[in-house]
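Engineer: coords please:
(one chain, ligands or ions: 2)
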Amino acid sequence: MSGIRVGIVGLGAIGRKLAQALTQGIDGLELSCVTVGGRDKAQAWLSEQGIDCPIVAMQDLPAHCDIAVECAPAAVVGELCTTMLGAGKKVMILSAGAILPRPELAELARARGGQIIIPTGALLGLDAVSAAAEGEIRSVRMITRKPPRGLAGAPYLVENAISVEGLSEKLLVFKGSAGEAAKGFPANVNVAAALSLAGIGPDATTIEIWADPGVTRNCHRIEVDADSASFSLEIENIPSENPKTGRITALSALAALRKLGAPLRVGT
Ligand SMILES: NC(=O)C1=CN([C@@H]2O[C@H](COP(=O)(O)OP(=O)(O)OC[C@H]3O[C@@H](n4cnc5c(N)ncnc54)[C@H](OP(=O)(O)O)[C@@H]3O)[C@@H](O)[C@H]2O)C=CC1
Ligand SMILES: O=C([O-])CC(=O)C(=O)O
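Structural biologist: Ligands and ions are numbered 1, 2, ... in the order given. Here you go, the predicted structure:
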């Protein structure tokens, strides 16, 4: 088998789905390696799944893959991008919020001929937002509602002593820019970071985050006003094994991977 060699960084809710799909076989793509947190746990899962692929250290990724898909805690993004982009390779980043404070990574990609790819992930409409951004976008607003357990433990809640336990009504826990939201909720609103990068940037994109005991899904609404179109779109994501992460996220990464070498490519 040969094709674009894909490395997966992080074998959690997203990474496991990607590893399974790539192992089942996708034209033009090959699972070539993984980089993990806990090695023993990862090896046990790979063996149980019958997936034969090496576990490699992060600094060895460029030798083993053409693109590394990050689906790990946000803290790995800096080192991963420096390593892969420094070698002129591609990265696909799911922890999109970690890209916002690091503009130097895109510069590194430019200088070395690498690329940072941020898939639509758990959101929708980034095709239309990117198109509108070719003209003039006047505003981008996002409203996120999640079951309280999909927000629990976020640094912003801890720092501001906001409890989302035992809520009987929905509670607005954050209102501000996508940039501030990405800092305060690094594992919860990567979608807002991706939206801001597709459109008018992290300072101008606004977001409300609600902890809502009345929903069982991670719900995102975006409202865009531009000189080419106005649109509002909504998605209700069924949580994966990780309650913070919608099931569709891994599928979005997979769809983006398929497009890398596809002879027919649909959507911007
Ligand atoms: N862009 C988007 O739309 C979305 C982005 N996300 C983001 O994607 C990322 C992954 O999400 P998800 O799969 O649900 O997370 P999980 O917590 O389910 O999995 C993360 C995995 O990363 C592993 N890991 C920990 N440290 C490292 C390391 N240094 N190198 C490699 N792997 C490591 C963990 O292993 P171990 O358990 O052994 O520590 C774990 O298996 C998160 O940052 C999440 O916020 C999620 C949903 C939507
Ligand atoms: O953006 C994120 O990090 C996760 C999210 O909201 C979702 O999966 O719906």
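
Engineer: going forward, measure contacts between C-alpha atoms and count neighbours the same way
Structural biologist: Fine.

Engineer: Which residues of the stretch 101-250 of the chain lie near ligand 2?
Structural biologist: Residues of the stretch 101-250 of the chain lying near ligand 2 by C-alpha under 6 Å from any ligand atom: 122, 187-191, 218, 237, 244-246.

Engineer: now those as CSV including secondary structure, neighbour count and pLDDT?
Structural biologist: As requested, those are exported to CSV (DSSP: H, G, I helix; E, B strand; the rest coil; neighbours: other C-alpha atoms under 10 Å; pLDDT from 0 to 100):
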residue, secondary structure, neighbour count, pLDDT
122, coil, 27, 97
187, coil, 23, 90
188, coil, 24, 90
189, coil, 26, 92
190, helix, 28, 96
191, helix, 27, 96
218, strand, 26, 95
237, strand, 19, 97
244, coil, 22, 91
245, coil, 24, 94
246, strand, 24, 95
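
Engineer: Tell me both backbone torsions, phi and psi, for residue 148.
Structural biologist: Backbone torsions of residue 148, given as degrees, to the nearest 10, read phi -50, psi -40.

Engineer: That one touches residue 213, doesn't it?
Structural biologist: Yes - counting by C-alpha atoms under 8 Å, residue 148 does reach residue 213; the two are 6.1 Å apart.

Engineer: of those two, who's got more company?
Structural biologist: residue 148 (25 against 19; other C-alpha atoms under 10 Å).

Engineer: OK, contacts around that one?
Structural biologist: 164-165, 167, 211-213 (C-alpha atoms under 8 Å, 6 or more residues apart in numbering).

Engineer: Return the member of the residues you listed nearest to ligand 2.
Structural biologist: residue 211 (12.0 Å; C-alpha to the nearest ligand atom).

Engineer: pLDDT wise, what is the closest one at?
Structural biologist: For residue 211, the pLDDT comes out at 98.

Engineer: Count residues in the vicinity of the nearest residue to residue 118 once chain neighbours are set aside, would you?
Structural biologist: Spatial nearest neighbour of residue 118, excluding adjacent residues (C-alpha to C-alpha, 6 or more residues apart in numbering): residue 93 at 5.3 Å. Number of residues near residue 93 (other C-alpha under 10 Å) recorded here: 27.

Engineer: Pop out the phi and psi values for residue 93.
Structural biologist: phi -110, psi 120.

Engineer: what does residue 99 give?
Structural biologist: phi -80, psi -30.

Engineer: For it, give me its contacts.
Structural biologist: 77, 105.

Engineer: redo that, cut-off 6 Å
Structural biologist: Not one residue lies near residue 99 by C-alpha atoms under 6 Å, 6 or more residues apart in numbering.

Engineer: re earlier: report the buried members of the contacts of residue 148.
Structural biologist: Among these, the ones that count as buried by 16 or more other C-alpha atoms under 10 Å are 164, 211-213.

Engineer: Point out the ones among the residues you listed that are inside helices.
Structural biologist: Secondary structure from DSSP state H places none of the buried ones among the contacts of residue 148 in helices.

Engineer: Using TSV, lay out the residues you listed together with distance to ligand 1.
Structural biologist: Shown next, in TSV, are those (distance: C-alpha to the nearest ligand atom, whole Å):
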residue	distance to ligand 1
164	19
211	17
212	18
213	20
